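Q: Turn this into a structure:
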Amino acid sequence: MIRNYTAALLMSIGAFSLPSSEAMAEDSGTMKSMPSMHMDAGAAPSGSATAKLADLDISGGYVRAMLPGQPVGGGYITIHNTGKIDDKLTSVTSSAAGKVELHEMKMEGEIMKMREVKGGIAIPAGATVTLAPSTMHMMFRQVKAPFKQGGKVPVMLMFDKAGMIDINLPVVSAKGN
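A: Below is the predicted model of the structure:
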């Protein structure tokens, strides 16, 4: 039972397809020199959610279908800050889950560790921040009904400066395609 839960959780958040480099944001300046601030997130599935809020371009939004017995779901999105002022994704809520946490995964030695990101995720001016499998992501807890491929999951993204926006994330295959 625990083995099945662990496998389902890791598959949901993409731990079986680790990227070649860690991290989350990229820009043309100093952030590229920070090891945890660059990654090749790959392409988002076709039909992924997009939105615009002030200087923030939101794209590539989706969640993965949940496997039988899986208690949590994973969500992903890309945020590009076209402005000159830093912002921060402070929280995410969803009517489909009792709680949505912002998480990060990273290798520490030979062990993959996942932890909640407290205080939000910085969206630097001119940078693109990607929440993707095996890195930072949205973790849906206390899910009211398992996410099913072809469905939608409503989320409200709250930003420190830009405010909030509602977006519906499509549910793709549990494998992410």
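Q: next structured bit after the one helix or strand in the chain whose mean pLDDT sits lowest?
A: Every helix and strand in the chain was compared by mean pLDDT, DSSP states H and E; the lowest is strand 25-26, with a mean of 36. Remark: after strand 25-26, the chain's next helix or strand is strand 49-53, criterion DSSP states H and E.
Q: what separates the helix or strand following that following strand from the chain centre, distance-wise?
A: With elements assigned by DSSP H and E, the helix or strand that comes after strand 49-53 is strand 56-64. Strand 56-64 sits 8 Å away from the centroid of its parent chain (CA atoms, centre = their mean, to the nearest Å).
Q: Look through the protein and tell me its longest strand.
A: Using DSSP state E, we find that the single longest strand of the chain is strand 97-108.
Q: Give the buried residues for that strand.
A: Ala97, Val100, Glu101, Leu102, His103, Glu104, Met105, Lys106 (16 or more other CB atoms under 10 Å). (C-beta placed from N, C-alpha, C; glycine too.)
Q: Mind listing the strands it pairs with, and their directions?
A: strand 111-116 (antiparallel), strand 137-143 (antiparallel) (DSSP bridges).
Q: returning to that earlier point: let me have the buried residues of strand 97-108 in CSV, adding pLDDT and distance to Thr128 as columns.
A: Compiled in CSV, the buried residues of strand 97-108 are given as follows (pLDDT from 0 to 100; distance: CB to CB, whole Å):
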residue, pLDDT, distance to Thr128
Ala97, 97, 26
Val100, 98, 21
Glu101, 97, 22
Leu102, 97, 17
His103, 96, 19
Glu104, 94, 17
Met105, 90, 19
Lys106, 86, 19
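Q: before we move on, back to that, any idea which of the strands paired with strand 97-108 is most buried?
A: Each of the strands paired with strand 97-108 was assessed for mean neighbour count using mean count of other CB atoms under 10 Å. The highest is strand 137-143, with a mean of 20.
Q: what's downstream of that one, the next helix or strand?
A: strand 152-159.
Q: what's Gly83 in contact with, if anything?
A: Listed by CB atoms under 8 Å, 6 or more residues apart in numbering, the contact set of Gly83 reads Ala54, Asp55, Leu56, Ala125, Gly126.
Q: Let's see that with 7 Å instead.
A: Residues near Gly83 by CB atoms under 7 Å, 6 or more residues apart in numbering: Asp55, Ala125.
Q: and of the strands paired with strand 97-108, who's closest to Ala162?
A: With CB to CB as the criterion, Ala162 lies closest to strand 137-143 of those, at 17.3 Å.
Q: Please state the offset of that closest one from the chain centre?
A: That offset, for strand 137-143, works out to 10 Å (CA atoms, centre = their mean).
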